[in-house]
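In: Please work out how this folds:
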Amino acid sequence: MKQLNKLNSIAFKLISGFMVVVVLIIVLGAVSYNSSSSAMLKSYKQNMAGTVNATATYLNLGMSQIHAEAQKITEDSDYYNYYRGAYKGNKPQEYMLWSSLYNSAQSAASASDFIMAISIFGDYGDGISSAGTLKPGFYDTFHKAHGENAEDGVWISSHEELDSQDFYKNAASGKPVSTMVKYNKKNYLFICSPIADTGSNVCCLVPEKVMLKQAYEIRNMTVGITIVAIIVAILVALFLAFNMHRAISMLSAYWKKPQMAI
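Out: Got it, this is the predicted structure:
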């Protein structure tokens, strides 16, 4: 039992000595992970902010084209005359005008990359759409759905899951936003940039795990190296402790033997 206690004492001291190196490896890994994480987040924020701002500038150009085309249509006397029924007593001429307006809308929609379709309709006459045929009564259906707001323009789109988020509502203030948020219990970088004075914004969500992919690799590598280092330290300590104990035991046995004087 005494011999075993000595062996355990030697092994413990050796393992403790090796653990100092292991602790330093852990500290180095933690510092490397924290430093790389901060640097990567900062870099992503800067790069994504630049990308979102560039996208906002590009979309502002597109929305300016859309506004110009819409203005052109509303100021066109042919559209005005047709939808106020100026030619209701002359059906052939009215149909020829409708056909001309339809071709004009088709050409305008295909001429711009920002315009997917143009639709024009009123409480009189047939609707025009470059996307297909509008059913009779479409004006009433649209007006009931969107009310008087449609007179000055209305945004017809929604994303119920995102629209209900506080961080998304706060972005409606029209100021640039760059912050970390929680979405579906996960961390995201949320960046939002206003599109000039249109009242619209360009927003994006970047998963934290994507931004910190390389940092996670450093963390996992550190954990792996630490585990291997601990196992190797224990095995080496036990091996050295066993050999040291055996050598000490042999010397002790030797000195305990009666010595013959010459």
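In: can you map out the helices along the stretch 151-262 of the chain?
Out: Remark: helices assigned in the stretch 151-262 of the chain by DSSP state H, counting those that start in this stretch are 160-163, 166-170, 208-211, 213-256.
In: Serialize the ones you listed to CSV and add fields for distance to A196.
Out: Just so you know, the C-beta spots here come from the backbone N, C-alpha and C atoms, and that holds for glycine as well. Converted to CSV, those look like this (distance: least, C-beta to C-beta, whole Å):
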stretch, distance to A196
helix 160-163, 22
helix 166-170, 20
helix 208-211, 28
helix 213-256, 34
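In: State the distance from S107 to S130.
Out: Noted for S107: a distance of 9 Å to S130, by C-beta to C-beta, to the nearest Å.
In: which ones are touching the closest residue to V206 other than its chain neighbours?
Out: In space, and not counting its chain neighbours, V206 is closest to L189: 4.3 Å by C-beta to C-beta, 6 or more residues apart in numbering. The neighbours of L189, taking C-beta atoms under 8 Å, 6 or more residues apart in numbering as the test, are L41, Y44, K45, M48, S178, T179, M180, V181, L205, V206, E208, M211.
In: For F242, the count of nearby residues, please.
Out: 13 (other C-beta atoms under 10 Å).
In: just I195 next, same as before
Out: Neighbours of I195 under the rule other C-beta under 10 Å: 20.
In: With neighbour numbers in mind, choose between S107 and S130.
Out: The neighbour comparison of S107 against S130 (other C-beta under 10 Å) goes to S130, with 19 against 11.
In: I'd assumed S104 was in contact with that one.
Out: No - taking C-beta atoms under 8 Å as the definition, S130 is not a contact partner of S104, at 9.9 Å.
In: what's the longest strand in this structure?
Out: Looking across the chain with DSSP state E, the single longest strand is strand 186-194.
In: low pLDDT regions in the chain?
Out: Scanning the chain for pLDDT under 70 picks out the ranges 1-15, 147-153, 245, 247-262.
In: Tell me which stretches of it form strands.
Out: Applying DSSP E to the chain gives strands spanning 119-120, 128-129, 177-183, 186-194, 201-207.
In: Out of those strands, the one nearest I26 is which?
Out: I26 sits nearest to strand 186-194 of all those, at 24.3 Å, using C-beta to C-beta.
In: Kindly tell me how buried T222 is, as a neighbour count.
Out: Neighbours of T222 under the rule other C-beta under 10 Å: 19.
In: let me redo that: S64
Out: 14.
In: Please apply the same query to G29.
Out: 19.
In: From Q93, how far out is it?
Out: 82 Å.
In: Mind listing residues that contact stretch 93-106?
Out: Contacting residues not belonging to stretch 93-106 are listed as 73, 78-79, 81-82, 87-88, 118, 120, 125-126, 128-130 [C-beta under 8 Å, 6+ apart].
In: what comes up buried for it?
Out: Going by neighbour count (16 or more other C-beta atoms under 10 Å), the buried part of stretch 93-106 is E94, L97, W98, L101, Y102, S104, A105, Q106.
In: Check the spacing between the last one and S129 real quick.
Out: Okay, so that is Q106. Taking C-beta to C-beta, one finds Q106 at 9 Å from S129.
In: Report the contact partners of the residue nearest the centre of the chain.
Out: Closest to where the C-alpha atoms of the chain average out (C-alpha atoms, centre = their mean) is V206, at 1.5 Å. V206 is in contact with Y44, M48, Y188, L189, I191, counting by C-beta under 8 Å, 6+ apart.
In: wait, what's in contact with the last one?
Out: By C-beta under 8 Å, 6+ apart, the contact list for I191 reads K45, M48, A49, V52, V177, S178, C203, C204, V206.
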